[in-house]
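> heads up, no residue letters with this:
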Ligand code: HSE
């Protein structure tokens, strides 16, 4: 039996739109075992238990890349990453499937090859890079090649995921963005994104608070999350800063104080009893074969 563990990931981090991504300490696992028939999937909704399942599709891509026949396989998913909420559920599926195939055929893929294949399937590297490497990733495309660097993140930063009971479609969240941006805004974003990466490494919450404030996507996307302002006020009242995780609907609060984290969770739960919350830290482990 092969078991793969992959962390949830939070892309963008405010000013790092389509570039930055953070692995967080919420891990999901997938097991791959030989099976009598072509495919058996369990641990997910019935509608995903077919050859169209993203984990299986990535598994077959991995087999094809390794020039191996796709084996009959039983896939068992133990997923804690909510679907379509901006916490990298598709990156989890893609990385699990590729690593499952690689481990099945004795592990020859390098992390670079894995990242390249995962990015081709996902279409962008900002979630799959930290899912593979852990920590904070800054990634970009150089033609068809993915470039990625990783920063360590101060271990005393707490990340509180506030997960609404409604999704936001990534497609809609991209459509709502303006087509152009001024030089002035581009300069603002570059300076803030570079400083933010260092601020995470230092665990400098004061710098994070000022560097994370985005002008490129959050002002537009916040309109798609009806409770954005209420959640933000709860975070601001409790020594933390909040950003939209990926394309939403999850919002992530960052604080250094565990009492503040607890208060955010209790206030959010009071106001939004159907939301899910998690107190997380940086995910220092990227995807691993257990
Ligand atoms: N960077 C992407 C976005 C992540 O914000 O649209 C969504 O998968």
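Sure, I can see it. Remember, it's a predicted structure, so these values are computed and weren't measured experimentally.
> element containing residue 116?
Assessed by DSSP states H and E, residue 116 sits inside helix 111-122.
> And the ligand, is that helix touching that?
No: counting by Cβ under 6 Å from any ligand atom, the ligand has no neighbours in helix 111-122; the shortest distance is 7.8 Å. Every residue, glycine included, has its C-beta placed from N, CA and C.
> Against which helices or strands is that helix packed?
helix 54-65, helix 89-104, helix 128-133, strand 145-151 (3 or more Cβ pairs under 8 Å, 6 or more residues apart in numbering; DSSP states H and E).
> ok, and which of those has the densest surroundings?
helix 128-133 (a mean of 31; mean count of other Cβ atoms under 10 Å).
> what's that helix in contact with?
Helix 128-133 is contacted by residues 6-7, 9, 21-23, 88, 91-92, 94-95, 111, 114-115, 118-119, 122, 136-137, 139, 146, 148, 150, 283, 286-287 when judged by Cβ atoms under 8 Å, 6 or more residues apart in numbering.
> Could you pick out the longest helix of this structure?
Ranked by residue count under DSSP state H, the longest helix found in the chain is helix 183-202.
> Now do that one against strand 145-151, angle only.
Helix 183-202 runs at 50 degrees relative to strand 145-151, counting by axes from the mean of the first three to the mean of the last three Cα atoms, to 10 degrees.
> Mark out where each domain of the protein begins and ends.
2-152+285-289, 158-280 (automatic domain parsing).
> Residue 231 looks like it's in a helix, true?
Yes: counting by DSSP: H, G, I helix; E, B strand; the rest coil, one finds residue 231 located in a helix.
> hang on, isn't it packed against residue 268?
Yes: Residue 231 is within contact range of residue 268, at 6.7 Å (criterion: Cβ atoms under 8 Å).
> Need the residues touching each of these two.
Contacts common to residue 231 and residue 268, judged by Cβ under 8 Å, 6+ apart, are residue 162.
> Show me which strand runs longest in the protein.
Longest strand in the chain, counting residues (DSSP state E): strand 20-34.
> Would you pull up how far that strand lies from the middle of the chain?
10 Å (Cα atoms, centre = their mean, to the nearest Å).
> repeat for stretch 242-258
12 Å.
> Tell me the span between the first and last residue of it.
15 Å (Cα to Cα, to the nearest Å).
> now stretch 12-19
Start-to-end, stretch 12-19 (Cα to Cα) is 6 Å.
> Show me the one of the helices and strands packed on helix 111-122 that comes nearest the ligand.
helix 89-104 (7.3 Å; Cβ to the nearest ligand atom).
> pLDDT of the closest one, averaged?
For helix 89-104, mean pLDDT rounds to 98.
> returning to that earlier point: not counting the helix holding residue 116 itself, show me its contacts.
By Cβ under 8 Å, 6+ apart, helix 111-122 touches 57-58, 61-62, 65, 90-91, 94-95, 98-99, 102, 109, 125, 128-129, 131-133, 141, 145-146, 148.
> List the buried residues of it.
For helix 111-122, the neighbour count (16 or more other Cβ atoms under 10 Å) marks 114, 115, 116, 117, 118, 119, 121, 122 as buried.
> Kindly calculate the angle that it makes with strand 145-151.
110 degrees.
> sorry, back to before: please see if the longest strand of the chain touches the ligand.
No: figure legend: strand 20-34 not in contact with the ligand (Cβ under 6 Å from any ligand atom); closest approach 7.9 Å.
> re the thing from before, list the buried residues of the longest helix of the chain.
188, 189, 192, 193, 195, 196, 197, 199, 200.
> Just confirm yes or no for that helix near the ligand.
No: Helix 183-202 lies apart from the ligand when judged by Cβ under 6 Å from any ligand atom; the minimum separation is 12.9 Å.
> Average pLDDT for that helix, rounded please.
pLDDT averaged over helix 183-202 gives 98.
> so how far is it off the chain centroid?
With Cα atoms, centre = their mean as the basis, helix 183-202 stands 20 Å off its chain's centre.
> got the contact list for that helix?
Residues contacting helix 183-202 (Cβ under 8 Å, 6+ apart): 13-17, 19-20, 22, 136, 138, 151-154, 157, 204, 207-208, 211-216.
> For the nearest residue in space to residue 86 that is not next to it in sequence, which residues are in contact?
Excluding its sequence neighbours, the residue lying closest to residue 86 (Cβ to Cβ, 6 or more residues apart in numbering) is residue 246, at 3.2 Å. Taking Cβ under 8 Å, 6+ apart, we find residue 246 in contact with 9, 10, 11, 12, 86, 87, 88, 127, 170.
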